[in-house]
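**Student:** Prediction below, plus the sequence it came from.
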Amino acid sequence: MAPRYYLSDRARIAFECFEIRNGYKPNHKEQVEILRNEGFNPTTIAFFMQCAHTTPRHSSEVFA
């Protein structure tokens, strides 16, 4: 069975591949393009990342 990557893992892998191919870390504009090329909607991701940082998680979610 193929591994199920979380969105953050998929984005991290895409950024690491870019860094390996080009020899430098992508800037913000390049990160947005990488996410779009991978099928992500950067606006939606930014919204959910902001929500995740401002909303406390329940302890049962952390240990699940």
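**Tutor:** Received, thanks.
**Student:** what helix or strand is residue 29 on?
**Tutor:** When elements are defined using DSSP states H and E, residue 29 is found to belong to helix 28-37.
**Student:** swap in residue 19?
**Tutor:** In this assignment (DSSP H and E), residue 19 forms part of helix 7-22.
**Student:** ok and that helix relative to helix 28-37, angle-wise?
**Tutor:** Orientation check (axes from the mean of the first three to the mean of the last three C-alpha atoms, to 10 degrees): helix 7-22 against helix 28-37 gives 120 degrees.
**Student:** Stretch 33-40: which residues count as buried?
**Tutor:** 34, 35, 40 (16 or more other C-beta atoms under 10 Å). All C-beta spots, glycine's among them, are computed from the backbone N, C-alpha and C.
**Student:** of those residues, closest to residue 15?
**Tutor:** Of all those, residue 34 has the smallest distance to residue 15: 6.4 Å, by C-beta to C-beta.
**Student:** If I follow the layout properly, the closest one ends up in contact with residue 25?
**Tutor:** No - between residue 34 and residue 25 there is no contact under C-beta atoms under 8 Å: 11.1 Å.
**Student:** what residues do those two have in common as contacts?
**Tutor:** Residues touching both residue 34 and residue 25 (C-beta atoms under 8 Å, 6 or more residues apart in numbering) are 15, 18.
**Student:** Residue 45 contacts residue 35, doesn't it?
**Tutor:** Yes - here residue 45 reaches residue 35: they are 6.6 Å apart, a contact under C-beta under 8 Å.
**Student:** Are there residues contacting both of those two? Which ones?
**Tutor:** Joint contacts of residue 45 and residue 35 (C-beta under 8 Å, 6+ apart) are residue 11.
**Student:** three-state assignment of residue 24?
**Tutor:** The three-state label for residue 24, taken from DSSP: H, G, I helix; E, B strand; the rest coil, comes out as coil.
**Student:** picking that back up, show me what the helix holding residue 19 is packed against.
**Tutor:** Using 3 or more C-beta pairs under 8 Å, 6 or more residues apart in numbering; DSSP states H and E as the contact test, the elements touching helix 7-22 are helix 28-37.
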